[in-house]
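**Student:** kindly generate the corresponding structure for this input.
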Amino acid sequence: MTGAVVAAARRSAVVPRGGAFAGLEIHQLAAPVIADLLRDAGLAPGDVDELILANALGAGGNPARVTALAAGLPVAGLTLDRQCCGGMDAALLAEALIRAGRAQVVIAGGAESYSRRPLRLRTDPAGGPAEPYDQPPFTPWPQRDPAMAEAAEAVARLMHITREEQDAWTIASHARALAAAPRMAPEITAIAGIGNDPYARRLTPALCARAKALSGSVTAANTAVAADGAGFCLLVSDAIARQLSTPRLRILAGATLGADPELPGLAPVPAIRAALASAGLTASELHIVELMEAFAVQAIACVRETGLPMDRINPGGGALARGHPIGASGAINLVRLFHDMEQGQTGLAAIAAAGGLGTAILLRREV
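**Tutor:** Model prediction:
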């Protein structure tokens, strides 16, 4: 087997639903990012062996193939749906293909358009009118398939995490995003004239206190907004990496695990523990952590349960300050790691998904 490294990483801005990206299809968000990704590495579209694209809301049709055609990639394209975990799982699958010798160059990530997602209708077998729905089933048991805000509130109650703690986390995330905006510009491909994340703002406890409650202590302020965006990593074999003059991040370990579907916010905890154990590392040895913030309570709970170093988490802010383009969010976390890590540093990316899924990836910057 051959080794695999991340040799380049790019993303679009993350724009809340109905904003500047509202008229763009998935491939229109993804193809410009892929073009810049290849340009960064000095590779051509014909050098790519596969494109793995995570997407959760596009209702099929293999958007990876549509994107490959739009980007001029001579590949079949593989679309992956693991909800929020998909963009990160795409990178793990790409690494596996390269390690197995089935590919040398793979582009992996995700793209999501909340703005252009199809309307969902469930047919009536008795011939009645179709029934609209928003959230698909994530378990076979309706009584154990909570709405995401309710599931987040269940974590808050279980772990005694207050609204004030959630709001404080949110305020800090927005502040870090605002401070880091200038240095994040090089990782962002400008699309529709947008070259920065527009959502971050200066929040205060008073502003957060006025936010609408979604479920108990979980509010519109301490929940990531639905958004549009794309993010991709270029994974290559060691042989190809030696020919490139780009940074190299080696995937040390990764895990995707199933946990309690009624408490999906805690699902990254066993994945983080498994990845650290596989690499023989402890949480204190991490230099940077990109932890998904679909809900502030989810991030707080994962930190408490795993001992992640608070001063190293989301140095450029998180999804609370950007937005949450479901299938792309995990890949965007990896892009953030790629651009923030320095030589010799070790980083962790972790994310939860509906249905009780958790993914964690450990990387080390070699060059």
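**Student:** use CA for all of it now, contacts and neighbours both
**Tutor:** Fine.
**Student:** from what I see, Asn10 and Leu337 are in contact.
**Tutor:** Heads up, residue 10 is Arg, not Asn. No - Arg10 is beyond contact range of Leu337, at 10.9 Å (criterion: C-alpha atoms under 8 Å).
**Student:** could you check which of the two is surrounded by more residues?
**Tutor:** Remark: of Arg10 and Leu337, Arg10 carries more neighbours, 30 against 26, as counted by other C-alpha atoms under 10 Å.
**Student:** is the more buried one bridged to anything, and to what?
**Tutor:** Beta-bridge pairing for Arg10 (DSSP bridges): Phe232.
**Student:** chain neighbours aside, what residue packs nearest to Ala227?
**Tutor:** Distances taken as C-alpha to C-alpha, 6 or more residues apart in numbering place Pro16 nearest to Ala227, at 4.0 Å, with adjacent residues excluded.
**Student:** strands of the stretch 251-367 of the chain, start to end?
**Tutor:** Remark: strands assigned in the stretch 251-367 of the chain by DSSP state E, counting those that start in this stretch are 288-291, 346-353, 357-365.
**Student:** note down every partner strand of the last one and its orientation.
**Tutor:** Just to be clear, that refers to strand 357-365. Strand 357-365 pairs in its sheet with strand 249-258 (antiparallel), strand 346-353 (antiparallel), by DSSP bridges.
**Student:** what pLDDT, on average, does the shortest one get?
**Tutor:** Per-region confidence: strand 346-353 scores 98 on mean pLDDT.
**Student:** likewise the longest one?
**Tutor:** This predicted structure assigns strand 249-258 an average pLDDT of 97.
**Student:** pull the distance from the lengthiest helix in the chain to the chain's centre.
**Tutor:** Identified as the longest helix of the chain according to DSSP state H is helix 163-184. In terms of C-alpha atoms, centre = their mean, to the nearest Å, the centre of helix 163-184 is found 17 Å from the chain centre.
**Student:** burial of the closest residue to Arg336 other than its chain neighbours, as a residue count?
**Tutor:** Once flanking residues are discounted, Arg336 sits nearest to Glu290: 7.3 Å by C-alpha to C-alpha, 6+ apart. With neighbours defined by other C-alpha under 10 Å, the count for Glu290 comes to 27.
**Student:** got any ranges where the protein has weak pLDDT?
**Tutor:** For the chain, applying pLDDT under 70 flags the ranges 1.
**Student:** try 90 this time
**Tutor:** 1-3, 59-60, 134-135, 367 (pLDDT under 90).
**Student:** now do the strands in the stretch 51-200 of the chain.
**Tutor:** Under DSSP E, counting those that start in this stretch, the stretch 51-200 of the chain gives strands at 78-80, 105-113, 121-122, 131-132, 188-189.
**Student:** helices or strands up against the following helix or strand past the last one?
**Tutor:** Just to be clear, that refers to strand 188-189. Heading C-terminal from strand 188-189, the first helix or strand you meet, by DSSP states H and E, is helix 205-209. Helices and strands touching helix 205-209, by 3 or more C-alpha pairs under 8 Å, 6 or more residues apart in numbering; DSSP states H and E, are helix 163-184.
**Student:** what's in contact with the helix it packs on?
**Tutor:** 196-197, 200-205, 208, 217-218, 221-222, 296-297, 300, 314-318, 320-322, 339 (C-alpha atoms under 8 Å, 6 or more residues apart in numbering).
**Student:** please repeat the previous calculation with a cut-off of 6 Å.
**Tutor:** Ala200, Arg201, Leu203, Ser217, Asn222, Ala296, Val297, Gly316, Gly317, Gly318, Ala321 (C-alpha atoms under 6 Å, 6 or more residues apart in numbering).
**Student:** just the closest of those to Ala20, please.
**Tutor:** Relative to Ala20, the closest of the contacts of helix 163-184 is Ala200; by C-alpha to C-alpha it sits at 15.1 Å.
**Student:** give the contact list for that closest one.
**Tutor:** The contact partners of Ala200, by C-alpha under 6 Å, 6+ apart, come to His174, Ala321.
**Student:** how does it look with 8 Å?
**Tutor:** By C-alpha under 8 Å, 6+ apart, the contact set of Ala200 is His174, Ala175, Ala177, Leu178, Ala321, Arg322.
**Student:** hmm, back to that, if I look at the residue nearest to Arg336, how far off is Gln298?
**Tutor:** 13 Å (C-alpha to C-alpha, to the nearest Å).
**Student:** same question, Arg82
**Tutor:** 18 Å.
**Student:** those two - which one has more neighbours?
**Tutor:** With neighbours defined as other C-alpha under 10 Å, Arg82 and Gln298 compare such that Gln298 has more, 28 against 21.
**Student:** give the closest residue to that one in space, chain neighbours not counted.
**Tutor:** Nearest one to Gln298, counting by C-alpha to C-alpha, 6+ apart, is Gly265 at 4.8 Å.
**Student:** what about that neighbour, neighbour count?
**Tutor:** 36.
**Student:** hang on, isn't it packed against Glu150?
**Tutor:** No - using C-alpha under 8 Å as the test, Gly265 is too far from Glu150 to be in contact (10.8 Å).
**Student:** what residues does Pro195 make contact with?
**Tutor:** For residue 195 the amino acid is Gly, not Pro. Applying C-alpha under 8 Å, 6+ apart, the residues near Gly195 are Ser12, Ala13, Ala185, Ile188, Thr189.
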